[in-house]
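> Predicted model follows, preceded by the sequence.
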Amino acid sequence: MTAAGSTTDTDARITGGAPGPVVVAIDGPAGSGKSSVSRAVAQALGYAYLDTGASYRALSWDLLMRGIDASVAASVIAELGAFEFRIGIDPDDYYVRVGSADVTEAIREPRVTSVVSLVARIPEVRAWLNDRFRAIMASTPFDGIVVEGRDITTVVAPDAPVRILLTASEEARMARRSKELTSESAAAVGEALRSRDKADSRVVDFMNAADGVTTVDSTDLDFAQTVAAVVEVVHSQTARNSHGR
Ligand SMILES: Nc1ncnc2c1ncn2[C@@H]1O[C@H](COP(=O)(O)OP(=O)(O)O)[C@@H](O)[C@H]1O
Ligand SMILES: Nc1ccn([C@@H]2O[C@H](COP(=O)(O)OP(=O)(O)O)[C@@H](O)[C@H]2O)c(=O)n1
């Protein structure tokens, strides 16, 4: 999206009133289950799914490929004009592409994870990506869209009818992540996760629920129970909103 007019249109849809997709905004720290739970919730509800972190990762992958130093904000900003990414929002057909390259797997590599916070701290990058997220939300053909990241409940879609903070203890999050990354030691995975959360939380607060945001703590819930808990929040909040109208 490039035109400011599109942003106005998007805002109208997110705030309700005009018909548009139901936006379910989910934030939380690394390893809390945002991506996997959000995708399963979208499947359960017949909604679209938008993984905003994947876009920050795709930009980081692109910078690494081009040999651009992610710590130099001006170089990163200059690259935005040439950055072409596409993301699948059908939860049954998820992909991330940069130009003609399928980077769905590559953006999860530790070398990408280690630079993504540098990219995410640049305000111009955040504003540029947020415009795209809002355009995707507004144009989805699905009845609703589950959007997950760090600042969805507070910045990207603060007026969404359903806003959730998905948390889990640091211990649980580290254990889940190290199960996935079997090539890395548990200590290395834990340290990487802790330092990324620390860097990211200097930019946006995703550890504390903002006003009106419902916390779902998955520490003692298994995956299916967490999905059910989030679906329950969606049902209760959307029922409340429609009764309130
Ligand atoms: N409640 C849960 N219980 C056990 N494992 C979970 C739970 N929620 C998520 N997971 C698993 O934890 C890992 C990290 O989840 P992920 O969705 O990648 O988190 P995030 O997107 O917040 O970083 C995944 O392997 C996922 O399947
Ligand atoms: N809305 C968002 C989403 C991600 N991010 C950044 O993108 C990175 C990767 O996000 P992610 O959701 O893929 O991270 P995981 O929690 O899945 O590991 C985060 O560490 C943040 O630096 C962000 O700043 N704002």
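Now that the structure is in, tell me what you want to look at. The structure presented is a predicted model; accordingly, all values stated were derived computationally and were not measured. Numbering: from 1, shown residues only. Ligands and ions are numbered 1, 2, ... in the order given.

> From now on I want contacts and neighbour counts done on CA atoms only, so please keep to that.
Noted.

> what sits against the most centrally placed residue in the chain?
The C-alpha lying nearest the average C-alpha coordinate of the chain belongs to G149 (CA atoms, centre = their mean; 2.5 Å). Taking CA atoms under 8 Å, 6 or more residues apart in numbering as the definition of contact, the neighbours of G149 are 26-28, 34, 51-53.

> Of these, just say which sits nearest to ligand 2.
Using CA to the nearest ligand atom, the shortest approach to ligand 2 within the contacts of G149 belongs to G53, at 3.5 Å.

> Show the pLDDT at the nearest residue to T52 once chain neighbours are set aside.
By the measure of CA to CA, 6 or more residues apart in numbering, the closest residue to T52 outside its immediate chain neighbours is G149, 5.5 Å from it. Note for G149: predicted pLDDT of 98.

> For G149, list each beta-bridge partner.
In this entry, G149 is beta-bridged to D27, by DSSP bridges.

> pLDDT and neighbour count added to the contacts of G149, as a markdown table?
As requested, these are exported to a markdown table (pLDDT from 0 to 100; neighbours: other CA atoms under 10 Å):
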| residue | pLDDT | neighbour count |
| --- | --- | --- |
| I26 | 98 | 30 |
| D27 | 98 | 29 |
| G28 | 96 | 27 |
| K34 | 95 | 23 |
| D51 | 98 | 22 |
| T52 | 98 | 20 |
| G53 | 98 | 16 |
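
> V156 and ligand 1, how far apart?
According to CA to the nearest ligand atom, to the nearest Å, V156 and ligand 1 sit 17 Å apart.

> What sits closest to V22 if chain neighbours are left out?
In space, and not counting its chain neighbours, V22 is closest to G144: 4.1 Å by CA to CA, 6+ apart.

> How about the contacts made by the one you found?
Taking CA under 8 Å, 6+ apart as the contact definition, G144 lies against 20-24, 46-48.

> For this structure, which segments count as strands?
Counting by DSSP state E, the chain forms strands over residues 22-27, 48-51, 85-87, 96-98, 101-102, 144-149, 162-167, 214-217, given from the N-terminal end onward.

> I'd like these written out as JSON lines, with distance to V189 added.
Supplementary listing: these in JSON lines, determined by distance: least, CA to CA, whole Å:
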{"stretch": "strand 22-27", "distance to V189": "21"}
{"stretch": "strand 48-51", "distance to V189": "21"}
{"stretch": "strand 85-87", "distance to V189": "26"}
{"stretch": "strand 96-98", "distance to V189": "23"}
{"stretch": "strand 101-102", "distance to V189": "25"}
{"stretch": "strand 144-149", "distance to V189": "20"}
{"stretch": "strand 162-167", "distance to V189": "18"}
{"stretch": "strand 214-217", "distance to V189": "21"}
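
> Could you point out which of those sits nearest ligand 2?
For these, the distance to ligand 2 is smallest for strand 144-149, at 3.6 Å, taking CA to the nearest ligand atom.

> what angle sits between the closest one and strand 22-27?
In terms of direction (axes from the mean of the first three to the mean of the last three CA atoms, to 10 degrees), strand 144-149 departs from strand 22-27 by 20 degrees.

> Just the CA trace of strand 144-149, in CSV.
Listed in CSV are the C-alpha atoms of strand 144-149, where the atom choice follows Å, rounded to 0.1, in the frame of the first residue of the first chain:
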residue,chain,number,x,y,z
GLY,A,144,-11.9,-12.2,10.1
ILE,A,145,-8.1,-12.1,10.5
VAL,A,146,-5.9,-13.2,13.4
VAL,A,147,-2.9,-10.8,13.4
GLU,A,148,0.0,-11.6,15.7
GLY,A,149,3.2,-9.8,16.7
